[in-house]
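Chemist: Pasting a predicted model and its sequence here:
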Amino acid sequence: MGISRKIKVGYGIGAVGKDMAYALISGFLMYYYNTVLGVSATFIGFLFMGARVFDAFNDPLMGVIVEKTNTKFGKFRPWILIGTILNAIAIVFMFAVPSVLSGKSLLFYISVAYILWGMTYTIMDIPFWSMIPAITQAGKERETISVIGRSCAGIGFALPTALTMVLVPLLGKGNERMGFEIVAFLVAILFVVTSIITVFQVKEKEKVEKVSPSVREMFRALFQNDQALVVVVAIVMFNASLYLTNQLAIYFFKYDIGNSALYGLFGTVGGAAQILSMMCLPLLRKKYGCKTILRGGILTAIAGYTMLFVLGTLNISNLILLCIAAIIIFIGFGLATVLTTIFLADTVDYGEWKHGSRNESVIFSMQTFVVKLASAFSALIAGIGLDMIKLDVNALVQTEETITGLRMIMILIPMAGILVSLFLFMKNYKLDEAMMEKIRKNESDISQK
């Protein structure tokens, strides 16, 4: 029968709001704490890493909690609503830092706020993506909802990227601190509204009740799923590379290009290219396999990175060329992002076929787990790196050594990480189209008995 338009729209709208909130934090929180509040970049790096590692190891537990939830509204939607409201509150508190705080009290405040943000984001994020295998069947249906979810998430991510550094001075009337506070409040409100729409629009398919497995059984099933672990490792390395670039892009445009507002245009052009590439995936799938498309996408991103590094090395700040580099990079990222979601969803079917247990929430809790772990590594590298290259946030002009170091951390290290992730994935992931067809046929045979 396929997925109804109501579910497609509801899921897509939720993805927009969710990634608007995430983009604000991943793209601007380090900059806000470092340049606006004056907190050491190294401290921020260790804070982000410590909080993400602590939070990441709680994610599988949240997956277990979701898996064991059984209400008349399903097991996913209650947690999406609860997590969104709590996370929206945390977002406001992270940017509405009282001006009277300084020194240790300031460090304590931002640390607690950031840890609470991560914990509440987990409550919402795990059930959101866990719904994919629960509301779809493997194959075209699942690819469709994955494309919709990731494409709309791309739109959500692009909006704060494009508008934040334009809105902050306008809404704050020249006061960056006030501007960020207002932007955070607006994003939090939109986040809650879009999640409410998802909760009322997207309903799980009715399933036959089965005995809920124990926590030990669920974790054993998770770690026995070798293909899920392959995807997890690839996601860690891929996202760590992506986030490292994202963390430092605002610094690159402010201190290397000389205009932080251009970051918005760069992100807008790149975001549009990313969304377009996601939407084109079904067309590419008519001719190519998922692994082939993944290889092409990552190599495309590498080509864009190379162009960006050459432009920086030659001191070429032509906006058109920078936007072309953005298009090439984000086309690759768009394809890879959707595909990793499809790959992870397929491992749920693989786990049921091999071990007799689906455990959608536990498997997808690993996605949140590894994304946060990747974010932790990238934040630590970015924080320490900014201090190592001696970037002076109070100086508009940096030394040539500092700018060269910034380009290396933002571009060369991510390139290496992306290539390694591609190599490991292509070597170890075995769920090609033929294998998934075999699994689908087995599920069909069982359902007919």
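Modeler: Looks like it came in fine.

Chemist: ranges for the helices of the stretch 101-250 of the chain?
Modeler: For the stretch 101-250 of the chain, the helices defined by DSSP state H, counting those that start in this stretch cover 103-135, 140-171, 176-201, 215-224, 226-251.

Chemist: Check which element follows the last one along the chain.
Modeler: What it means is helix 226-251. helix 262-279 (DSSP states H and E).

Chemist: Could you export that next one as PDB, CA atoms only?
Modeler: Provided in PDB are the C-alpha atoms of helix 262-279 (Å, rounded to 0.1, in the frame of the first residue of the first chain):
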ATOM      1  CA  LEU A 262      29.200  34.900   4.100                       C
ATOM      2  CA  TYR A 263      29.100  31.700   6.100                       C
ATOM      3  CA  GLY A 264      25.400  31.900   5.800                       C
ATOM      4  CA  LEU A 265      25.500  32.100   2.000                       C
ATOM      5  CA  PHE A 266      28.000  29.300   1.800                       C
ATOM      6  CA  GLY A 267      25.800  27.100   4.000                       C
ATOM      7  CA  THR A 268      22.700  28.000   2.100                       C
ATOM      8  CA  VAL A 269      24.200  27.000  -1.300                       C
ATOM      9  CA  GLY A 270      25.700  23.900   0.200                       C
ATOM     10  CA  GLY A 271      22.500  23.000   2.000                       C
ATOM     11  CA  ALA A 272      20.500  23.400  -1.200                       C
ATOM     12  CA  ALA A 273      23.000  21.100  -3.000                       C
ATOM     13  CA  GLN A 274      22.700  18.600  -0.200                       C
ATOM     14  CA  ILE A 275      18.900  18.500  -0.300                       C
ATOM     15  CA  LEU A 276      18.900  18.200  -4.000                       C
ATOM     16  CA  SER A 277      21.400  15.200  -3.900                       C
ATOM     17  CA  MET A 278      19.200  13.500  -1.300                       C
ATOM     18  CA  MET A 279      16.100  14.000  -3.500                       C
END
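
Chemist: same for that helix, what does it pack against?
Modeler: helix 140-171, helix 226-251, helix 319-355 (3 or more CB pairs under 8 Å, 6 or more residues apart in numbering; DSSP states H and E). For glycine as for every other residue, the C-beta is placed from the backbone atoms N, C-alpha and C.

Chemist: Can you lay out the ones you listed as JSON lines showing distance to F95 and mean neighbour count?
Modeler: JSON lines is the format used below for those (distance: least, CB to CB, whole Å; neighbours: other CB atoms under 10 Å):
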{"stretch": "helix 140-171", "distance to F95": "10", "mean neighbour count": "22"}
{"stretch": "helix 226-251", "distance to F95": "15", "mean neighbour count": "23"}
{"stretch": "helix 319-355", "distance to F95": "26", "mean neighbour count": "22"}
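
Chemist: now these as a markdown table including distance to F309?
Modeler: Putting the helices and strands packed on helix 262-279 into a markdown table (distance: least, CB to CB, whole Å) gives the following:
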| stretch | distance to F309 |
| --- | --- |
| helix 140-171 | 21 |
| helix 226-251 | 11 |
| helix 319-355 | 9 |
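
Chemist: can you list the residues that contact stretch 10-23?
Modeler: The contact list for stretch 10-23 (CB atoms under 8 Å, 6 or more residues apart in numbering) reads 80, 84, 87-88, 91, 121, 124-125, 128, 131, 145, 148-161, 187-188, 190-195, 197-202.

Chemist: Can I get it in PDB, CA atoms only?
Modeler: Below are the C-alpha coordinates for stretch 10-23, written out as PDB (Å, rounded to 0.1, in the frame of the first residue of the first chain):
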ATOM      1  CA  GLY A  10       4.400  14.700   9.300                       C
ATOM      2  CA  TYR A  11       7.800  13.000   9.400                       C
ATOM      3  CA  GLY A  12       9.400  15.500   7.200                       C
ATOM      4  CA  ILE A  13       8.200  18.500   9.200                       C
ATOM      5  CA  GLY A  14       9.500  16.900  12.400                       C
ATOM      6  CA  ALA A  15      12.900  16.400  10.700                       C
ATOM      7  CA  VAL A  16      13.100  20.100   9.800                       C
ATOM      8  CA  GLY A  17      12.500  21.300  13.400                       C
ATOM      9  CA  LYS A  18      14.800  18.700  14.900                       C
ATOM     10  CA  ASP A  19      17.800  19.600  12.700                       C
ATOM     11  CA  MET A  20      17.200  23.300  13.100                       C
ATOM     12  CA  ALA A  21      17.800  22.900  16.800                       C
ATOM     13  CA  TYR A  22      20.800  20.600  16.200                       C
ATOM     14  CA  ALA A  23      22.400  23.000  13.600                       C
END
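
Chemist: Pull up the gap between M119 and D55, please.
Modeler: From M119 across to D55, the span is 6 Å (CB to CB, to the nearest Å).

Chemist: Please apply the same query to L335.
Modeler: 28 Å.

Chemist: same thing with T300?
Modeler: 32 Å.

Chemist: Could you say which one of the helices and strands packed on helix 262-279 comes nearest to L424?
Modeler: Closest approach to L424 among the helices and strands packed on helix 262-279 (CB to CB): helix 226-251, 6.1 Å.

Chemist: Rounded mean pLDDT for the closest one, please.
Modeler: Helix 226-251 comes out with an average pLDDT of 83.

Chemist: cool, and stretch 300-315?
Modeler: 88.

Chemist: Could you find the closest non-adjacent residue to the spatially most central residue of the chain?
Modeler: For the chain, the residue nearest the mean C-alpha position is V371 (6.5 Å; CA atoms, centre = their mean). Nearest residue to V371, sequence neighbours excluded (CB to CB, 6 or more residues apart in numbering): N239, at 5.3 Å.

Chemist: quick one on the thing from earlier: between the helices and strands packed on helix 262-279, which gets nearest to G50?
Modeler: helix 226-251 (15.9 Å).

Chemist: Remind me what the closest one packs against, helices and strands.
Modeler: Against helix 226-251 (3+ CB pairs under 8 Å, 6+ apart) you get helix 5-31, helix 262-279, helix 319-355, helix 360-388, helix 413-428.

Chemist: Reformat the ones you listed as a markdown table; add distance to Y114.
Modeler: Shown next, in a markdown table, are the helices and strands packed on helix 226-251 (distance: least, CB to CB, whole Å):
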| stretch | distance to Y114 |
| --- | --- |
| helix 5-31 | 8 |
| helix 262-279 | 22 |
| helix 319-355 | 24 |
| helix 360-388 | 10 |
| helix 413-428 | 23 |
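
Chemist: ranking the ones you listed by burial, who's on top?
Modeler: Mean neighbours per residue, mean count of other CB atoms under 10 Å, is largest over the helices and strands packed on helix 226-251 for helix 360-388, with a mean of 25.

Chemist: List the buried residues for the helix or strand that that one is followed by?
Modeler: Using DSSP H and E, the helix or strand that follows helix 360-388 towards the C-terminus is helix 400-407. The neighbour-count check on helix 400-407 (16 or more other CB atoms under 10 Å) flags 402-403, 405-407 as buried.

Chemist: Nearest to V66, out of the residues you listed: which one, please.
Modeler: Comparing the buried residues of helix 400-407 against V66 with CB to CB places L406 closest, at 40.2 Å.
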